[in-house]
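>>> Provided below for reference: sequence and predicted model.
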Amino acid sequence: MTQVERPAGQSSSFPANGLLARGFLATEIAGPREKGLARLVVVLSLIGFLAAIPFVRMPLAKLPAFIPAYEAALLVTEVITAVLLFSQFSRLRSFSLLLLASGYLFGALMIVPHALSFPDVFSEAGLLGAGAQTTAWLYVFWHFGFPLFVLGYALLARSEADTMAASPPRAIAGACALVVLLVCGLTLLTTAGQDLLPVVITGANYSLNVAKGFTPALWLGTAAILALLWWRSVPTVLELWMMVVMVAWLLDIALSAILGANRYDFGFYAGRIYGLLAASFVLVTLLTEANRLYGNLGGALALVERRNTDLLRSREDSAQLHRFEAIGQLVGGVAHDFNNLLTVISGGLELALRDSNIEQRRRRSLEASLRAARRGERVTRQLSIFGSRQKVRTEVLNPNEVITNLDGLIGKAAGEQLQVATALSPVLWPAYVDRTQFETALLNLVINAREAMNETGTLRIETGNVVLDDQAFTELPAGDYLRIAATDTGPGMPPETVAHAFDPFFAANDAGKESALGLSQVYSFARRAGGQVRLESKPGEGTRVEIYLPKSVARTPQPEEVLALPPIRASLRAEMVLVVEDNADVLDVAVSGLTELGYRVKTATDAQAALNILRNDAEIEVLFSDVAMPGGMNGGQLASEAQRIRPGLKVLLTSGYTASALSQQHGLPETLQVLPKPYHRDELASKLRLVIGDKDKSVAGRAATG
């Protein structure tokens, strides 16, 4: 349990829960504001008391109606106070609070027989079989009983014995029953048993009460209880106001029962006013506290509502993210299968084109087919934009060319109702960026614009060259930049939304359709490329997103008009390669390519067959395996087991998935050598020489030293 530092003089039973301590008068430590207000009330009460002393015995008009009016107000005040204190007890289970609430209930119930028995109010001698001494003794018991309850509260408050294990409803019911019995007993004693009590009043004069010491004893006992409360070094708010109550209570007794001598004189009326004030202080404080608690509750409910809204939005974003992941897995699988197909197609076409005797017409047809296959490779790369994270492969490119080549996919992303217009600068500078990430950023701009416009409107994509000074962006140095801008005719966004538009998972529209993941990726791409993004939007005026990329000093490579097949890097020592591939067509292409490159080849269609060959054939130097295979063991697991069986074995893997996707789905480290499908003959040759290169160098080194 967390230890809480307590003020000096505070018992260890004081509630350690900070929220609980702030929620109730009985547990909240009185601050300077409360203490200052309490002092002001006491000072004003004493001033009024001192001003009333010279007039205490001044006779005033006899108003019997004053008694029921005054005591009815007192009854309502004390009943409400008792109910509120019982409510706090039910939360805190504090025995001291139960006693104090019972004291207020006792005072409220004692008012009833006191008012009914008062002479000349409801009858000449009073009701309930009242005698001459009944009302006076009821006043004594009433004004002495309440301070005794306060004494119990003062002794028990914040002590080790101040916690009740009993059920609050039962405890409250029991306390109320005991108070009712006590009031009934005292009423019976002062009516039926009045002859047993000493005479304390003669007619309307109650100076005998003072002469016999009953009232002074009552006053001194109340003063002692006030002193006990005052002794608390760090009072709670409730204890502080109970001190004020006891001060007013003392002034009530002094004016109406000690300094005064007769009913209906000035002291009699003034004392009753102080009694009503004494009963009101705690009630006013409790009601003020209830108002504050309701205000806090309203704020808490508003906070909960905001949190619920944020949680709902987060769930929607999470669901959308899961949908993206599901689409990514589907697209990744489709791209993998297409890459296998394109590997077979490209491999067969390359093999056919290496025949020098092929006639020119057939060669042109085969070259056109190979170009189409390579465009298919581009399409699969564009599809896998949505399926996996690509490794950064920066290159010098012409953004206009990228936008033009992506025109078909942009149209599909925009939808049928959204009009897309382009204004591409004919003298645009080149940029040094990752092509795939640039394509992703463009598509995300289109998708965000489509959703902002509810799939109807116009999107304009522009490019141009700009020269930025030091004031344009604090994050960018002055210099030459190219700008790609996307402007839509949507509803626009207010400034507070614009300020968070690039935050991940921020919903830019009220409907929550758009999670702003796209704009977050656009910002991330631009910053990684050394540039920046600017967003301008106003309600009713649409949105404009500008991407600034630094100008590349290198020239953009021109596309080759003639398809040229690169030279083949053949095997140096006719190494033995074990090819593991479950797709028969891809296996044939791989075997044909490796054989043409001068390698010796053995094949297997699953991991177990490959391991059996490795155990029995020591000539195998390279393992060339697909990653995704049936049989419960993927290419990465096969590589690990193969290198355990044959230390020093070289491994090259191939797959239609990207390296990062393989890392996520198959547990492969991204540092592992992976040849992406569809691969060309020269790429296969280069990768193999890269994998075998260390061994070639070691062999050459031993030959040189031998």
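Right, received. Where do you want to start?
>>> outside of stretch 255-263, which residues touch it?
Stretch 255-263 is contacted by residues 49, 52-53, 56-57, 59, 62, 139, 143, 204-207, 209-210, 215-216, 218-219, 266-268, 270-272, 274-275 when judged by CB atoms under 8 Å, 6 or more residues apart in numbering. Any C-beta I mention is one placed from the backbone N, CA and C, and that applies to glycine too.
>>> Need the phi and psi values for the residue nearest the centre of the chain.
In the chain, the C-alpha closest to the average C-alpha coordinate belongs to residue 307, at a distance of 6.5 Å (CA atoms, centre = their mean). Backbone dihedrals for residue 307, given as degrees, to the nearest 10, come out at phi -60, psi -40.
>>> what's the answer for residue 598, then?
With angles defined as degrees, to the nearest 10, residue 598 sits at phi 100, psi 10.
>>> Test my guess that it contacts residue 574.
Yes. With the criterion set as CB atoms under 8 Å, residue 598 and residue 574 qualify as a contacting pair; they are 5.7 Å apart.
>>> ok, those two, which is more surrounded?
Set side by side, residue 598 and residue 574 show more neighbours around residue 598, with 15 against 11, by other CB atoms under 10 Å.
>>> Please report the distance of residue 536 from residue 544.
When distance is defined by CB to CB, to the nearest Å, residue 536 is 5 Å away from residue 544.
>>> An error on my part: the question was meant for residue 188.
Using CB to CB, which is the criterion applied here, residue 188 is 90 Å from residue 544.
>>> Same check on residue 675?
In this structure, residue 675 and residue 544 are separated by 43 Å, where distance is defined by CB to CB.
>>> Phi, psi for residue 586 please.
Phi and psi for residue 586, reported as degrees, to the nearest 10, are phi -60, psi -40.
>>> tell me the contacts of it?
340, 343-344, 626, 677.
>>> Just the buried residues of those.
When burial is judged by neighbour count using 16 or more other CB atoms under 10 Å, the buried members of these are 340, 343-344, 626, 677.
>>> and which of those is nearest to residue 428?
If you rank the buried ones among the contacts of residue 586 by distance to residue 428 using CB to CB, residue 677 comes first, at 33.3 Å.
>>> Please tell me how far that closest one sits from residue 354.
20 Å.
>>> With residue 473 instead?
When CB to CB is the yardstick, residue 473 and residue 354 sit 52 Å from each other.
>>> element containing residue 106?
Using DSSP states H and E, residue 106 maps to helix 95-117.
>>> How far away from the center of its chain is that helix?
Counting by CA atoms, centre = their mean, to the nearest Å, helix 95-117 is centred 48 Å from the centre of its parent chain.
>>> Show me where the chain has its strands.
Assignment of strands within the chain using DSSP state E yields the ranges 394-397, 418-423, 431-434, 457-468, 479-488, 532-537, 543-550, 576-580, 600-604, 620-626, 650-655, 674-676.
>>> Which one of these lies nearest to residue 284?
Closest to residue 284 of the strands of the chain is strand 532-537 (CB to CB; 52.6 Å).
>>> Need the nearest residue in space to residue 488, chain neighbours excluded.
Across the structure, with CB to CB, 6 or more residues apart in numbering as the measure, the residue nearest residue 488 apart from its sequence neighbours is residue 449 (4.0 Å).
>>> just to revisit the earlier point, mind putting the strands of the chain in a markdown table, distance to residue 117 and mean pLDDT included?
Rendered in a markdown table, the data for the strands of the chain read as follows (distance: least, CB to CB, whole Å; pLDDT from 0 to 100):
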| stretch | distance to residue 117 | mean pLDDT |
| --- | --- | --- |
| strand 394-397 | 101 | 86 |
| strand 418-423 | 89 | 88 |
| strand 431-434 | 97 | 90 |
| strand 457-468 | 86 | 91 |
| strand 479-488 | 86 | 92 |
| strand 532-537 | 80 | 90 |
| strand 543-550 | 82 | 92 |
| strand 576-580 | 108 | 90 |
| strand 600-604 | 111 | 91 |
| strand 620-626 | 105 | 89 |
| strand 650-655 | 101 | 86 |
| strand 674-676 | 102 | 80 |
